[in-house]
Structures are given as structure tokens and as C-alpha cells.
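*Asks:* Okay, predicted coordinates and the sequence, questions at the end:
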Amino acid sequence: MRKFFVAAMLSAAICATAGERIMKKVFVAAMDCEADAVAAHFDDRRESVIFGRRVIEGKIGNEETAVIVSGIGKCNAAAATQCALSSLGAQILINAGVAGGLRQDMRVADIYEVKAAVQYDFDLTQLNGTPMGTLNEYKTPELPLATTGKYPDVILGTGDRFNDNENDYRLLVETFAAGLCDMEGGAVAHVALRAGKPCFMLKCISDVYGSGSTVEQYSKNLSHALKILSAAIPGYFSAVQSCRL
């Protein structure tokens with residue numbers, strides 16, 4: 001596996017006891033149902049629309065927070081992440097949602113953190129001679145993320161497609177050593193890294209490659225995965241609060 005330790009140092013989190021100044025944390029979720037799973041724990045809840053995107057604001061404990069609904073796909077995710085930074089004043093980003101599992105030891109409703117994301121459908125190999133997935137402004141594909149240590153961490157592969165394609169699966173697993181896949185996380189990580197803001201990712205598995213149609217699994221398991229994800233939000237938010245960045 002390629003090493004990305006130097007880049008990781010730019011956004012790595014060292015978890016410790018709180019006592020630091022509060023940095024506003026904003027969630028980015030692809031779908032309304034994921035945002036509702038997060039906002040179920042908000043007090044003083046209020047809703048608005050910013051640049052056509054649903055925003056739910058409120059408090060977890062005594063801390064103000066918000067979740068913005070991006071819509072599905074990398075372009076949507078990037079735009080919503082920039083809204084979180086520019087319009088909602090996010091200083092720390094948290095991407096929370098469901099994802100597909102790529103390892104046979106993974107199970108539906110398992111929860112993982114993401115230590116790095118790659119955009120597996122981005123290809124400048126012929127132009128730049130850089131490895132598959134490497135964005136033009138970087139030298140390696142991996143976009144490092146902050147983690148709390150509360151859950152096992154994996155690499156996330158992001159692309160603008162949802163399918164059971166074996167070639168995509170082999171690319172994700174063999175080239176990028178990815179354990180999860182989705183359609184938004186890599187774009188959230190990209191915007192966060194360019195902005196110099198810490199970004200955490202919490203993913204709950206809705207389907208596992210090799211266990212039947214991922215579309216059928218997703219449709220069957222989404223509600224259950226969202227319940228598990230929602231139950232994890234307060235503890236995860238607390239874990240992020242305890243990270244000295």
C-alpha cells in the first residue's frame with residue numbers, strides 16, 4: 001500500500017481531554033434520511049435552506065452544530081461542504097452516512113471511521129503520469145482524514161456510480177486497499193483538505209460486496225443501518241469534541 005504518513009500529519013487528530021476553545025462542528029450528509037439520523041439528537045432544532053440545500057441547526061449537549069444535506073454524488077458533496085465552511089462557519093467537518101462494505105469480514109450495520117479517502121474514478125494518468133485517483137494538486141491518491149480511535153478505521157473509495165461492477169471492486173480493493181465505498185466522502189475530504197479544516201468520517205455499512213446484489217441489500221438494510229448510525233452520533237460527537245487538533 002502507498003504510504004501517506006506525511007500528508008496525514010496535516011490533518012491528524014490527537015485525542016485528549018477537552019478544555020480547548022470550542023470549534024464549530026458541522027455535519028455533511030448526502031441524503032435527508034442520513035441528516036435526520038444525525039439531527040434526531042439536536043435540541044433547539046431549526047431548519048433553513050442555504051443555496052438550495054436543506055440545513056438543520058441545533059445543539060448536541062450545550063454545543064451548537066448543524067447538518068447540511070448535500071444530495072448524492074461528488075459535485076453535490078463538494079458544494080455542500082463549501083457551504084458548511086462559508087455559510088455555516090464550520091471549523092471541523094463530520095461526514096456521516098451509510099456506505100458499502102468491500103471486505104468479506106464486514107457485516108451490515110458495522111460502523112467504521114475513515115482514515116483516508118480516494119476518488120477512484122479520477123484519472124490523470126496519461127496527462128500527469130500520476131497514479132490512478134490522484135487529484136491534480138496532489139502527488140498521491142489518498143486524502144487524509146482525522147480519526148478519534150472510537151471505531152476501526154479504513155480507507156474509503158468514492159466514485160460517481162453505485163453498482164456491482166467487478167472491475168470497480170478490484171480497483172478499489174487491489175489498487176487502493178479500500179474497505180468501504182460511497183459517492184460523496186472523497187469530495188468532502190478534498191474540500192476540507194484544500195480549506196485546511198479537520199474532517200472526520202463516520203460510516204455505517206448498508207451493503208457488502210459479494211453478498212448478493214448491493215442494490216437489493218441497500219434497499220433492504222438502509223433503515224436498519226440508519227438506526228445504528230443515529231445511535232452512534234452522540235458518542236461520536238463527544239469523541240470528536242475530545243480531540244485536540
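*Replies:* Sure thing, it's come through.
*Asks:* so how far is the longest helix seen in the chain off the chain centroid?
*Replies:* Longest helix in the chain by number of residues (criterion: DSSP state H): helix 214-241. Put simply, helix 214-241 sits 12 Å off its chain's centre (CA atoms, centre = their mean, to the nearest Å).
*Asks:* Would you point out the helix or strand in the chain whose mean pLDDT is lowest?
*Replies:* Sorting the helices and strands of the chain by mean pLDDT, DSSP states H and E puts helix 5-8 at the bottom, at a mean of 36.
*Asks:* follow-up on the earlier one: so what does the longest helix of the chain touch, helix or strand wise?
*Replies:* strand 25-29, helix 32-39, strand 53-60, strand 63-69, strand 92-101, strand 111-119, strand 199-208 (3 or more CB pairs under 8 Å, 6 or more residues apart in numbering; DSSP states H and E). In short, each C-beta sits where N, CA and C put it, glycine included.
*Asks:* and residue 176, which of the ones you listed is closest to it?
*Replies:* Nearest to residue 176, of all the helices and strands packed on helix 214-241, is strand 111-119, at 4.9 Å by CB to CB.
*Asks:* Can you identify the element that follows the closest one toward the C-terminus?
*Replies:* Next in sequence after strand 111-119, counting helices and strands by DSSP states H and E, comes helix 125-128.
*Asks:* which strands and helices sit next to that following helix?
*Replies:* Using 3+ CB pairs under 8 Å, 6+ apart, helix 125-128 sits against no helix or strand.
*Asks:* Going toward the C-terminus from it, what's the next helix or strand?
*Replies:* Next along from helix 125-128, by DSSP H and E: strand 143-144.
*Asks:* chain center to that following strand: distance?
*Replies:* On CA atoms, centre = their mean, the centre of strand 143-144 falls 11 Å from the chain's centre.
*Asks:* ok, then the element right after that strand?
*Replies:* Trace forward from strand 143-144 with DSSP H and E and the next one is strand 153-158.
*Asks:* The closest residue to residue 176 other than its chain neighbours pairs with what?
*Replies:* Leaving aside its sequence neighbours, residue 176 sits nearest to residue 118 (CB to CB, 6 or more residues apart in numbering; 4.9 Å). Residue 118 forms beta bridges with residue 157, as assigned by DSSP bridges.
*Asks:* Next: residue 25.
*Replies:* As for beta bridges, residue 25 partners with residue 65, residue 92 under DSSP bridges.
*Asks:* ok, now residue 203?
*Replies:* Per DSSP bridges, the residues bridged to residue 203 are residue 97, residue 112.
*Asks:* tell me the contacts of it?
*Replies:* Residues in contact with residue 203 (CB atoms under 8 Å, 6 or more residues apart in numbering) are 96, 97, 98, 99, 111, 112, 113, 114, 156, 180, 182, 185.
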